[in-house]
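> any chance you can model this:
(4 chains)
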Number of protein chains: 2
Amino acid sequence: MNTREKVLAAAEELFAEQGYDATSVQQVVARAGVTKGALYHYFSAKEDLLFEIYNSLFTEQTAGLDRIVAQHSDPATTIREIIDDLVITTAARTRAVTVFGREGSRLDAQRWQTLQAAWRRYQDRVRKVIREAQESGEFSSTTSPEVVSWAIFGFTNDIHTWYRPDGPKSAAVIAKELADFVLNGLSKKEDGK
Amino acid sequence: MNTREKVLAAAEELFAEQGYDATSVQQVVARAGVTKGALYHYFSAKEDLLFEIYNSLFTEQTAGLDRIVAQHSDPATTIREIIDDLVITTAARTRAVTVFGREGSRLDAQRWQTLQAAWRRYQDRVRKVIREAQESGEFSSTTSPEVVSWAIFGFTNDIHTWYRPDGPKSAAVIAKELADFVLNGLSKKEDGK
DNA sequence: AAGGGCATACCGACCGGTCGGTATTGACAG
DNA sequence: CTGTCAATACCGACCGGTCGGTATGCCCTT
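Numbers count the residues shown, from 1 in each chain, chains lettered A, B, ... in the order given. Alright, predicted model coming up:
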């Protein structure tokens, strides 16, 4: 682990524990075992740490969505794979999600808006998949794609508050349960009641 | 609006806009139109503001749950009413939810743990309702009460990021859509497929 | 005259960021 | 193989400024 990586890891831990503002650059360098000079050799501002921490996760998740959509599977499979990927990658990086969810808005306006826009695009793509599934006639249209997607994203955005890697359920199992629930929620009733 | 209320309102606005740490006590008193002396006359620390802001909402929501459970309605009705109440009260106080979700953990250990415990108790009561619904045989047990509840709470915890009072859908409509979705997700399929 | 309800001036701690300097490395000339 | 030199990586004392909180005292109501 080189200096840059040590700094980033220490920053992610401390930001998650105490918050961005409440963490001083001194604390970061102390935990990383480097000096302030070293930190400012690699980063031009404290804010850069915040950006780097989240950007890596978001890039990964976007790539996952690209991969899944490119397969052109049937709607149910696609939705299942999206939920799987989201839950698993989020559970693997809970600290980054904690930090960004809490303090993402403290980035400078430019970066914040860029990330916000990218995230909105991600959401829109998921909603499009849901809408197309409903329009195919195979699924119920009772619930709007917006509300369904908010249930999914709300779930994943909150994972960091309750998921523990050593808990009784693995991320994969949780993902399957959520996918079952969402697909059942979208399904039509056979008796049309 | 008396001094105390003006301070609390200003603090809620500023904390939601900029974050707790990033907001100085000076800014709070400036927006409230009072002085620092006045603020410290009513509150003994900045942290008290954070606590007061969230505590009022949480107390209200707990009272709502008490009321609903006391009615002993059938499971579907109870679940629907819980979701209704949660969505509507949360939508009405989005700023408080923003602030607390982001910075609740900055309270001193005592208060934080108290609120955390109270919130966990709230969640457990909701899960109990779901479990009883499943055990009655009327609903599917495919998805665990935990995952269902996390979908609900994830949804409500995230409302503040997208809900706008002047948006196309009222909180009541959103609540109905979510309740429909959750109840459908919990339902059994008639063909047993 | 007493005390609640403030106003104002101020304090010590701490913060993000800077800057002059040093240690280490590696390419290249002789 | 060795000496030179520049680039990279890092050090840590320091600075201007801000922050949460306090001390003191005035006013105005009762």
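
> from here on, contacts and neighbour counts on C-alpha atoms
Noted.

> quick one: contacts for the residue positioned nearest the centre of chain A?
Nearest to the mean C-alpha position of chain A, counting by CA atoms, centre = their mean, stands residue A:90 at 4.9 Å. Contacts for residue A:90 (CA atoms under 8 Å, 6 or more residues apart in numbering or on different chains) come out as A:97, A:156, A:159-160.

> equivalent analysis for residue A:111, please.
residue A:51.

> any idea how far DNA strand C is from it?
From residue A:111 across to DNA strand C, the span is 15 Å (CA to the nearest atom of the strand, to the nearest Å).

> can you tell me the SS state at that residue?
helix (DSSP: H, G, I helix; E, B strand; the rest coil).

> so what pLDDT did it get?
In this model, residue A:111 is scored at 91, pLDDT.

> and what of residue A:190?
61.

> go on, residue A:81?
98.

> can you tell me the element the residue of chain A found nearest DNA strand D falls in?
Closest contact between chain A and DNA strand D, by CA to the nearest atom of the strand, is at residue A:37 (3.1 Å). For residue A:37, the host element (DSSP states H and E) is helix A:36-42.

> tell me the buried residues in that helix?
residue A:39 (16 or more other CA atoms under 10 Å in any protein chain shown).

> is that helix positioned near DNA strand C?
Yes - using CA under 7 Å from any atom of the strand, helix A:36-42 reaches DNA strand C at A:36-37, A:40.

> ok, now stretch A:4-16?
No - using CA under 7 Å from any atom of the strand, stretch A:4-16 stays clear of DNA strand C, coming no nearer than 10.4 Å.

> any bit of that stretch sitting next to chain B?
No - Stretch A:4-16 lies apart from chain B when judged by CA under 8 Å from any CA of the partner chain; the minimum separation is 10.3 Å.

> where along chain A do the helices fall?
Remark: helices assigned in chain A by DSSP state H are A:3-18, A:25-32, A:36-42, A:46-70, A:75-92, A:94-103, A:109-135, A:145-162, A:171-186.

> a markdown table for those helices, including distance to residue B:180?
What follows is those, written out as a markdown table (distance: least, CA to CA, whole Å):
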| stretch | distance to residue B:180 |
| --- | --- |
| helix A:3-18 | 36 |
| helix A:25-32 | 47 |
| helix A:36-42 | 51 |
| helix A:46-70 | 28 |
| helix A:75-92 | 19 |
| helix A:94-103 | 28 |
| helix A:109-135 | 16 |
| helix A:145-162 | 11 |
| helix A:171-186 | 8 |
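
> between the ones you listed, which one is nearest to residue B:13?
helix A:94-103 (16.4 Å; CA to CA).

> and the closest one, is it in reach of DNA strand C?
No - judged by CA under 7 Å from any atom of the strand, helix A:94-103 stays clear of DNA strand C, getting no closer than 13.3 Å.

> pull the distance from that helix to the chain's centre.
Mean-position distance between helix A:94-103 and its chain equals 9 Å (CA atoms, centre = their mean, to the nearest Å).

> what angle do it and helix A:3-18 make?
Orientation of helix A:94-103 against helix A:3-18 (axes from the mean of the first three to the mean of the last three CA atoms, to 10 degrees) gives an angle of 60 degrees.

> contacting residues around helix A:94-103?
Against helix A:94-103 from outside (CA under 8 Å, 6+ apart): A:12-13, A:15-16, A:19-20, A:50, A:53-54, A:57, A:90, A:157, A:159-160, B:101-103.

> which parts of that helix are buried?
A:94-103.

> ok so, going back, what is the nearest of the residues of helix A:36-42 next to DNA strand C to residue B:166?
residue A:40 (44.9 Å).

> and chain A, which residues reach chain B?
A:18, A:21-22, A:101-103, A:106, A:142-144, A:147-148, A:150-158, A:174, A:177-178, A:180-187, A:189-191.

> where does chain A get nearest to DNA strand C, which residue?
Counting by CA to the nearest atom of the strand, chain A gets nearest DNA strand C through residue A:24, at 3.2 Å.

> what's the burial count for that residue?
16 (other CA atoms under 10 Å in any protein chain shown).

> over to residue A:46?
17.

> likewise for the one 10 residues further on?
Other residues within reach of residue A:56 by the criterion other CA under 10 Å amount to 11.

> ditto for residue A:107
Residue A:107: 17 neighbours (other CA under 10 Å).

> ok, now the one 10 residues further on?
Counted by other CA under 10 Å, the residues lying close to residue A:117 total 12.

> picking up where we left off before, could you dump the residues of helix A:36-42 next to DNA strand C into TSV and include distance to residue A:79?
Output for the residues of helix A:36-42 next to DNA strand C, formatted as TSV (distance: CA to CA, whole Å):
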residue	distance to residue A:79
A:36	46
A:37	47
A:40	43
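
> could you dump these to CSV with pLDDT?
Converted to CSV, the residues of helix A:36-42 next to DNA strand C look like this (pLDDT from 0 to 100):
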residue, pLDDT
A:36, 93
A:37, 90
A:40, 94
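
> which of those residues sits closest to residue A:129?
Nearest to residue A:129 among the residues of helix A:36-42 next to DNA strand C, with distances taken as CA to CA, is residue A:40, at 43.9 Å.

> contacting residues around the residue in chain A positioned nearest to chain B?
Residue nearest to chain B within chain A (CA to the nearest CA): residue A:185, separated by 3.5 Å. Going by CA under 8 Å, 6+ apart, residue A:185 touches B:181-186.

> all good on my end, thank you.
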